[in-house]
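Colleague: need a structure here:
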Amino acid sequence: MARRFWFAAIFGLCIWTVDRGLTSAQESKSSASGESAASAKPAHPDKAALEKSFAETLTGATLVGHFTVVGRPDPGKERTDRYEIEKAEKIEGHRWLITSRIKYGKHDLKVPMPLEVYWAGDTPVITVSNVTVPGLGTFVARVLVYGDRYAGTWQHDKFGGHMWGMIERTAPSASSTPAKPKLE
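Modeller: Just a heads-up that it's a prediction; the model follows:
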């Protein structure tokens, strides 16, 4: 029994010594850099800069990727996905207006979609909650955007699944570029 006590006491002393050494090293690092331990907080990203970067990332971009449909005979089968975004602009608060071209079945239309964007640190999460697009149905989605990638979940009426892919710059089409006058 005495052996167990001494072992526990020595083990505890070792833990205390290591902990004091780490604390001392952190304190000396903070004081060497001129920071106090209380002011050594991680920097919060500037929201205005994050929002500007998000708008620039999506404006004139195409989300090219894949999606799955949960509950279908081939639940793991990937299908290709494509969202052409003309413009992303903040309205106010969490509200944004994303103007995109939707190609779905026989439909091919440009739709301004009012939606919300929330931030998980420096990562925007596009939030679509029961948004009805006339002629297409009601949609729910949560899509995060990070760098040149996106990933999320989607629901369209009674079907839903997962989506992911890359964000590519959209090449200007001939129809969107004004024709240059011919000089004769």
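Colleague: Outline the domain layout of the chain.
Modeller: 2-30, 47-169 (automatic domain parsing).
Colleague: CSV for those domains, including mean pLDDT and mean neighbour count?
Modeller: Glycine gets a C-beta too; all of them are placed from N, C-alpha and C. Output for the domains of the chain, formatted as CSV (pLDDT from 0 to 100; neighbours: other C-beta atoms under 10 Å):
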stretch, mean pLDDT, mean neighbour count
domain 2-30, 44, 10
domain 47-169, 91, 15
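Colleague: where exactly do the strands run in this protein?
Modeller: Using DSSP state E, the strands of the chain run over residues 61-67, 79-92, 95-104, 107-120, 123-133, 137-146, 149-156, 159-169.
Colleague: for the second one, packing partners?
Modeller: So that's strand 79-92. Applying 3 or more C-beta pairs under 8 Å, 6 or more residues apart in numbering; DSSP states H and E, one finds that strand 79-92 contacts helix 47-58, strand 61-67, strand 95-104, strand 107-120.
Colleague: and it, C-alpha only, in PDB?
Modeller: Output of strand 79-92 as PDB, limited to C-alpha atoms (Å, rounded to 0.1, in the frame of the first residue of the first chain):
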ATOM      1  CA  ARG A  79     -25.700  12.800 -60.700                       C
ATOM      2  CA  THR A  80     -24.100  16.000 -62.100                       C
ATOM      3  CA  ASP A  81     -25.200  19.400 -60.900                       C
ATOM      4  CA  ARG A  82     -24.600  22.900 -62.300                       C
ATOM      5  CA  TYR A  83     -25.700  26.300 -60.900                       C
ATOM      6  CA  GLU A  84     -24.700  29.400 -62.900                       C
ATOM      7  CA  ILE A  85     -24.600  32.400 -60.600                       C
ATOM      8  CA  GLU A  86     -24.900  35.800 -62.200                       C
ATOM      9  CA  LYS A  87     -24.700  37.900 -59.100                       C
ATOM     10  CA  ALA A  88     -24.500  37.600 -55.300                       C
ATOM     11  CA  GLU A  89     -25.300  40.700 -53.300                       C
ATOM     12  CA  LYS A  90     -26.000  41.400 -49.700                       C
ATOM     13  CA  ILE A  91     -29.400  43.100 -49.000                       C
ATOM     14  CA  GLU A  92     -29.200  43.600 -45.200                       C
END
